[in-house]
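[1] Need a 3D model of the following:
(4 chains)
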2 protein chains.
Amino acid sequence: MASRPEVTLAQRKRQLVSTELTEAALQLLALKGFDSVTIDEIVAAAGVSQRTFFRYFRSKEDVVVQFLVDMGADIRADLAARPSAEPPSVALRHAVWVPIAACADHPERTLRVVQLILRTPALLARFLERQEQWRDDLATELASRLGLDTGHAVYPQMAARMALAAFGTVLQRWSDSEGKEDPAELTDQAFAVIAPALDTI
Amino acid sequence: MASRPEVTLAQRKRQLVSTELTEAALQLLALKGFDSVTIDEIVAAAGVSQRTFFRYFRSKEDVVVQFLVDMGADIRADLAARPSAEPPSVALRHAVWVPIAACADHPERTLRVVQLILRTPALLARFLERQEQWRDDLATELASRLGLDTGHAVYPQMAARMALAAFGTVLQRWSDSEGKEDPAELTDQAFAVIAPALDTI
DNA sequence: GCCACGCATGGCAGTTACTGTCAACAAGTG
DNA sequence: CACTTGTTGACAGTAACTGCCATGCGTGGC
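    Numbers count the residues shown, from 1 in each chain, chains lettered A, B, ... in the order given. Down below sits the predicted model:
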C-alpha cells in the first residue's frame, strides 16, 4: 500500500477548509456581486477566521480565479503530451480544449463563475494576469517543441497568444450566450481562424 | 480668437494638477517600485491632498496606466480612417502602430513606464483590463468595416485579439531588450505571423 | 463694488482589504 | 513525557479608498 503516504490527515483538512471557503465565497458572490460581499461575510459563512482566509488565498479575487488557475498547468501538460509531429494548430487546439471541456462538463457550476469573472472588472483583471503565466508556459513549451529560441523568434510568443485569444473568445461567447452556444463548435471556429497563421511556421 | 472658448482657466488648472500628480507618481514609482510607494508620498511630492488624488484617479494603478488608455481611442480612430479596400492585416498593422510609434518616439520617457507596468502584477492586471475595452472597440470597428455581425461571426473578435497579441508581443520584446530591439521591425515580424490568418476572411 | 453661485480643494472620519506577530492547540515522533 | 511541526485565532497596524462638510477662489448678475 502506501501508494500515497504523503496524503496525511492534515493535508485533507487543508483541502476541506479550502473548498469550504471557495463554496461559501462563490455562493455569496454570485448572489450579491463581487463588491457587495466582504471577507468577513465569507469567513463567517465558512466558519473560519479572517486570518485563515488569507492563509489560503492571496486576495479576495483569488477565491474566484483560483479554480481557473490549475487549468493552466493542464494546458501545458496536454501540449507536452501531444506528438511532436502534430502541427501546432492541432496540438494547441487540444491543449486549449482541456479547460474548455472542464467548463462544458459542468455548465451549471462554471457558467455562473465565468460570467462573474468576465463581468467584474477586478476579477477580469486578475484572471488576465494569471493568463500571462499560461502564455509564458505555452510559449516555452512550443519553443522547445519546435527547437526555437524564445529570445529570438516571435513565433512561440505569438502562437501562445493566439491560442489564448481563441480561449478567451470561446469563453466570452459561451458566457454571453448563457451557455447556449456549443463550446466545441466555438473552439473549432476560433481555431479555424488562427490555423493558417499557426501552421505557416 | 475664441477658437476654443471652452478651454477655461479652470480646465487648465485641472490639467496642471493632473500632470503634476502623474509626474510625481511616475518618478517615485520608477525609483522605489510600485508597492513601496504610498499615496501619501505621491501627494506630498505633488503638493495636493490625498482626497484630491482620488478625484483625479480612481486608483493608485490608474496614475500609471492612464497615459496608455488614451491610445486605445487612437487605435480605433486610425483603423476607421483606413481605406476600406485595405486588407485587415495592413489596416490593423497601421492602427496598432499608432501607440507603438508613440512609445518609440520618446523611449527615455516610455520605456521605464512600460517596464514598470509589465513587471508589476497589479499594474499589468489593470493594463490588460483596459485593453479589453480596446479589443471591443477594434472588434466592432472591424465588423462594420467588413459588414459582419459581431454576434454571429468570431472573426472580428479574433482579429482584434490577434492585433492586440501583436501589440503585446512587441511591447514585451521592446521592454525585455531595454529598448534595443527596433519596435518597427518587431511589429513587422509579429504581423507577418498573423497576416495569413487575418487575410483569409 | 457686492452678492450668489459653481467648483475645486482639504481635512476628517469611516470602511475594507491585507499583513506581522504571538500564543494556543492538535498531531506525530523520539 | 518532551519536542517538533503545522494550523488556527486574536489583535494591532498599515494603506487604499469613500462620504461628508466646510472653506476658498473664480465667474457672472445686479
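[2] Where do the domain boundaries of chain A fall?
    A:1-57, A:63-198 (automatic domain parsing).
[3] can you tell if the first one touches chain B?
    No. In terms of CB under 8 Å from any CB of the partner chain, no part of domain A:1-57 sits within range of chain B; the closest distance is 13.4 Å. Where you see a C-beta, it was placed from the backbone N, CA and C, and this is true even at glycine.
[4] quick check: mean pLDDT across that domain?
    Across domain A:1-57, the average pLDDT comes to 90.
[5] And the helices in chain A?
    Along chain A, counting by DSSP state H, helices occupy A:9-32, A:39-46, A:50-56, A:60-81, A:88-105, A:107-119, A:121-146, A:155-176, A:183-198.
[6] what's the most buried one of those helices?
    Most buried of those by mean neighbour count (mean count of other CB atoms under 10 Å in any protein chain shown) is helix A:155-176; its value is a mean of 24.
[7] Just want the angle from it to helix B:155-176.
    On the basis of axes from the mean of the first three to the mean of the last three CA atoms, to 10 degrees, helix A:155-176 is oriented at 140 degrees to helix B:155-176.
[8] Can you name every helix or strand that helix A:155-176 contacts?
    helix A:88-105, helix A:107-119, helix A:121-146, helix A:183-198, helix B:155-176, helix B:183-198 (3 or more CB pairs under 8 Å, 6 or more residues apart in numbering or on different chains; DSSP states H and E).
[9] Please convert the ones you listed to a markdown table, extending it with mean pLDDT and distance to B:Ser144.
    Output for the helices and strands packed on helix A:155-176, formatted as a markdown table (pLDDT from 0 to 100; distance: least, CB to CB, whole Å):
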| stretch | mean pLDDT | distance to B:Ser144 |
| --- | --- | --- |
| helix A:88-105 | 95 | 29 |
| helix A:107-119 | 94 | 23 |
| helix A:121-146 | 95 | 25 |
| helix A:183-198 | 98 | 19 |
| helix B:155-176 | 97 | 9 |
| helix B:183-198 | 98 | 17 |
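[10] so who does A:Val69 touch?
    By CB atoms under 8 Å, 6 or more residues apart in numbering or on different chains, the contact set of A:Val69 is A:Arg130.
[11] and it, how far is that from B:Leu128?
    Remark: distance between A:Val69 and B:Leu128 (CB to CB, to the nearest Å) = 16 Å.
[12] JSON lines for the helices of chain A, including distance to B:Ala160?
    What follows is the helices of chain A, written out as JSON lines (distance: least, CB to CB, whole Å):
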{"stretch": "helix A:9-32", "distance to B:Ala160": "29"}
{"stretch": "helix A:39-46", "distance to B:Ala160": "36"}
{"stretch": "helix A:50-56", "distance to B:Ala160": "37"}
{"stretch": "helix A:60-81", "distance to B:Ala160": "22"}
{"stretch": "helix A:88-105", "distance to B:Ala160": "18"}
{"stretch": "helix A:107-119", "distance to B:Ala160": "16"}
{"stretch": "helix A:121-146", "distance to B:Ala160": "15"}
{"stretch": "helix A:155-176", "distance to B:Ala160": "9"}
{"stretch": "helix A:183-198", "distance to B:Ala160": "11"}
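[13] Output the domains of chain A in JSON lines, with distance to DNA strand C appended to each entry.
    Formatted as JSON lines, the domains of chain A follow (distance: least, CB to the nearest atom of the strand, whole Å):
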{"stretch": "domain A:1-57", "distance to DNA strand C": "4"}
{"stretch": "domain A:63-198", "distance to DNA strand C": "9"}
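[14] mind putting those domains in CSV, distance to B:His94 included?
    Listed next are the domains of chain A as CSV, based on distance: least, CB to CB, whole Å:
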stretch, distance to B:His94
domain A:1-57, 38
domain A:63-198, 19
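[15] looking at those, which is closest to DNA strand D?
    DNA strand D sits nearest to domain A:1-57 of all the domains of chain A, at 3.2 Å, using CB to the nearest atom of the strand.
[16] Can you confirm whether that closest one lies near DNA strand D?
    Yes. Counting by CB under 7 Å from any atom of the strand, DNA strand D is contacted by domain A:1-57 at A:10-11, A:13-14, A:17, A:47-52, A:55-56.
[17] so what pLDDT did the residue nearest the centre of chain A get?
    Centroid-nearest residue in chain A, with CA atoms, centre = their mean: A:Leu68, separated by 3.2 Å. For A:Leu68, the pLDDT comes out at 80.
[18] doesn't A:Phe127 make contact with it?
    Yes. Taking CB atoms under 8 Å as the definition, A:Leu68 is a contact partner of A:Phe127 at 6.6 Å.
[19] would a markdown table of the residues of domain A:1-57 next to DNA strand D with distance to A:Arg145 be doable?
    Shown next, in a markdown table, are those (distance: CB to CB, whole Å):
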| residue | distance to A:Arg145 |
| --- | --- |
| A:Ala10 | 39 |
| A:Gln11 | 34 |
| A:Lys13 | 40 |
| A:Arg14 | 36 |
| A:Val17 | 39 |
| A:Gly47 | 47 |
| A:Val48 | 44 |
| A:Ser49 | 47 |
| A:Gln50 | 45 |
| A:Arg51 | 44 |
| A:Thr52 | 42 |
| A:Arg55 | 38 |
| A:Tyr56 | 35 |
